[in-house]
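Colleague: Generate coordinates for the sequence data below:
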Amino acid sequence: MLDKIQPNEFTQINVAYNRVFRPERLSIGLVLPLEAYAVGAEPTLRGHLEAAQKAEELGFAALWLRDVPFNVPNFGDPGQVFDPFVYLGALATATDRIALGTSSVILPLRHPAHVAKAAATTDVLSGGRLLLGVASGDRPEEYPAMNHSFDDRGARFRDSVEYIRAVGSDYPEHENAQGKLGGGIDLLPKPHGTRLPMLITGGSQQSPDWVARNGDGWMTYPRNASAQGQVIADYRRRVREAGQLDKPVMQSLYVDIVDDPAAPPRPIHLGFQSGSDFLRSYLREIETLGVNHVALNLRFNQAPIDATLEHLADTVLPDFS
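Modeller: Alright, predicted model coming up:
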């Protein structure tokens, strides 16, 4: 079977997945909110729909929303504050083309039937523009607040992924710790595309082989080039050994873009401050390593966000469109 698989070929799933993830190419998206705010502060969310529309007009490929049920002060970031699926519904009607992604929904804190129904609803309302990033969660304080244990979140994550896959079929028969589906009831709507594209975040308390086999792609974190190339090669080797088509890899990146295009890089949390020249060269490098999408986070950007979006659209996006 392996010799029939064309290298670097991705499965076609829905409009967003097919547009954002292209073999050997890199696209650029943005993490919401499109707003700078300090560690421990809360974003204002003022003008957020207008900012999303501007990002679409400028040609960014995707908008990414996090799932942060509670503000945990010692974590230092309340996320985009809004519930991700309610927010996705608003974005689905306020935009026309840009992909709408979660990065990521915390599956052990939600019942998978609710996740599947909300995600499929967003996918239908947006015309197939949903990318469903999923994770096991990293804020222990949220679990007792919702009467869940933290230590077994990996098992609930696996069961939830299987459940969401199952309810994509008509009148499914499926049973695990998340519930029993006996074939007599159905969950509607069905996704706009062939299924919900699920992207696994990091390890999500699973083995590397499980992550490679069960996701439609992999979300990882920024690393130095050598380390990033190694982990991506390992992920794709495991996908090949599972006899599956190649799958996309995406990563996040915090940036603070300064006016001087030639400004050298300076490290910041999970990213760097630099001019657009270095950012462009960095993105080209990780594109060669196999990264297919980068979600830029402008939380620590010091220049006005509108101006930075336009600057990126003029100086960086043309190389990755």
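Colleague: pull the longest helix from the protein.
Modeller: Taking DSSP state H as the criterion, the chain has its longest helix at helix 225-241.
Colleague: what pLDDT, on average, does that helix get?
Modeller: Mean pLDDT, computed over helix 225-241, is 96.
Colleague: And it, what does it pack against?
Modeller: When contacts are defined as 3 or more C-beta pairs under 8 Å, 6 or more residues apart in numbering; DSSP states H and E, helix 225-241 packs onto helix 208-214, strand 217-220, strand 249-257, helix 276-289. All C-beta spots, glycine's among them, are computed from the backbone N, C-alpha and C.
Colleague: So which elements touch the last one?
Modeller: Contacts of helix 276-289 with other secondary structure elements, assessed using 3+ C-beta pairs under 8 Å, 6+ apart, are made with helix 225-241, strand 249-257, strand 271-274, helix 305-315.
Colleague: ok, now with 7 Å
Modeller: Secondary-structure packing of helix 276-289 (3 or more C-beta pairs under 7 Å, 6 or more residues apart in numbering; DSSP states H and E): helix 225-241, strand 249-257, helix 305-315.
Colleague: what number of residues lie near N176?
Modeller: N176: 16 surrounding residues under other C-beta atoms under 10 Å.
Colleague: Per-residue pLDDT of it, please?
Modeller: Looking at N176, its pLDDT is 97.
Colleague: circling back to that earlier point, export the longest helix of the chain as CSV, just CAs?
Modeller: Provided in CSV are the C-alpha atoms of helix 225-241 (Å, rounded to 0.1, in the frame of the first residue of the first chain):
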residue,chain,number,x,y,z
ALA,A,225,15.3,25.1,12.9
SER,A,226,17.2,21.9,13.6
ALA,A,227,14.9,20.7,16.3
GLN,A,228,11.8,21.7,14.3
GLY,A,229,13.0,19.8,11.2
GLN,A,230,13.6,16.7,13.3
VAL,A,231,10.2,16.6,14.9
ILE,A,232,8.4,17.3,11.7
ALA,A,233,10.3,14.5,9.9
ASP,A,234,9.5,12.1,12.7
TYR,A,235,5.8,13.0,12.6
ARG,A,236,5.7,12.4,8.8
ARG,A,237,7.6,9.2,9.1
ARG,A,238,5.0,7.9,11.5
VAL,A,239,2.2,9.0,9.1
ARG,A,240,3.9,7.1,6.2
GLU,A,241,4.4,4.0,8.4
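Colleague: mind listing the strands for this structure?
Modeller: 27-31, 62-65, 99-106, 130-135, 173-176, 179-182, 198-201, 217-220, 249-257, 266-268, 271-274, 293-297 (DSSP state E).
Colleague: ok, back up a step: compile the helices and strands packed on helix 276-289 into a markdown table and extend it with columns for mean neighbour count and distance to V124.
Modeller: Listed next are those as a markdown table, based on neighbours: other C-beta atoms under 10 Å; distance: least, C-beta to C-beta, whole Å:
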| stretch | mean neighbour count | distance to V124 |
| --- | --- | --- |
| helix 225-241 | 15 | 29 |
| strand 249-257 | 22 | 23 |
| helix 305-315 | 17 | 29 |
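Colleague: can you redo those as a markdown table with distance to L125?
Modeller: Shown next, in a markdown table, are the helices and strands packed on helix 276-289 (distance: least, C-beta to C-beta, whole Å):
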| stretch | distance to L125 |
| --- | --- |
| helix 225-241 | 31 |
| strand 249-257 | 23 |
| helix 305-315 | 25 |
